[in-house]
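**Q** Here's my sequence, what's the structure:
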Amino acid sequence: MTTESEPEFPPGSFERVDDGDDAAFYAPPRLVTHIDDAAIAALRDHYGRVLKPNGVVLDLMSSWVSHLPEEPELSEVIGHGMNAQELEANPRLTRWFVQDLNRETALPLEDASCDAALCCVSVQYLQKPVEVFAEVRRVLRPGSPFIVTYSNRCFPTKAVAIWRSLDLRGHATLIHLYLTRAGFSGIEVEVLANGMGGDPLVAVTGLA
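**A** Purely as a prediction, here's the structure:
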């Protein structure tokens, strides 16, 4: 239920400049990185501190690279994305599935089956973010983290309007709101790379 501290999203918040078929947009594989080397290193270090050994990790909105460290060793990494070739090229994924979350938010995973979930520099494309986040919470074991990271890069025609209207600080507040609405608690914001001389990177983490 929305409270005074959690206002309704403005009309048109989740509209996009390009509202065409996402499957067609993401059909060509993009085997590139979307943040620079320094930001990737900072993200890898962050994952290394937060993820638990032998855990099952959901890599949401993934591609051909997951930025996961060698340690801790994980028992399973389940990848999700929009391009089968990219996911197939990702050596860290144990298994993967293709799904357009803007059309179908329900994840094909069992309740409380994952120990952590990741969403790296892709949250800006979700048109039903609270519903998707609620599904992530469903598949996480109680107390497990959902780590949402973002930078200042995106495909602007596919990013939702409310994301394009905000700055880096506003993006943290927006993700915090998504997590709160979806039932996450213990939400923390951490700047992983300050953007001085490179890409900024911020992590917003909630606990299921």
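
**Q** So what's the model's average confidence on stretch 164-175?
**A** Rounded to a whole number, the mean pLDDT of stretch 164-175 is 96.

**Q** from here on, count from 19
**A** With the count now opening at 19, the last piece we talked about shows up as stretch 182-193.

**Q** I'd guessed Arg182 sits against Thr175; true?
**A** No: Arg182 is not in contact with Thr175 according to CB atoms under 8 Å; the separation is 9.7 Å. Where C-beta positions appear, they are placed from N, C-alpha and C, glycine not excepted.

**Q** quick one, what contacts Cys138?
**A** 61, 77, 79-80, 84-85, 167 (CB atoms under 8 Å, 6 or more residues apart in numbering).

**Q** same thing but at 7 Å, please
**A** By CB atoms under 7 Å, 6 or more residues apart in numbering, Cys138 lies in contact with 61, 85, 167.

**Q** Am I right that the last one is in a strand?
**A** Read it as Thr167. Yes: using DSSP: H, G, I helix; E, B strand; the rest coil, the secondary structure at Thr167 is a strand.

**Q** What residues are bridge-paired with it?
**A** When bridges are taken as DSSP bridges, the partners of Thr167 come out as Cys138, Ala221.

**Q** tell me the contacts of it?
**A** By CB under 7 Å, 6+ apart, the residues touching Thr167 are 61, 138-139, 219-221.

**Q** Neighbour-wise, give me the winner out of these.
**A** Going through those with other CB atoms under 10 Å as the criterion, the one with the most neighbours is Leu219, at 27 neighbours.

**Q** which element is that one on?
**A** Leu219 is part of strand 218-225 when elements are defined by DSSP states H and E.

**Q** and Asp185, what are its phi and psi?
**A** Torsion angles at Asp185 (phi, psi; degrees, to the nearest 10) stand at phi -90, psi -170.
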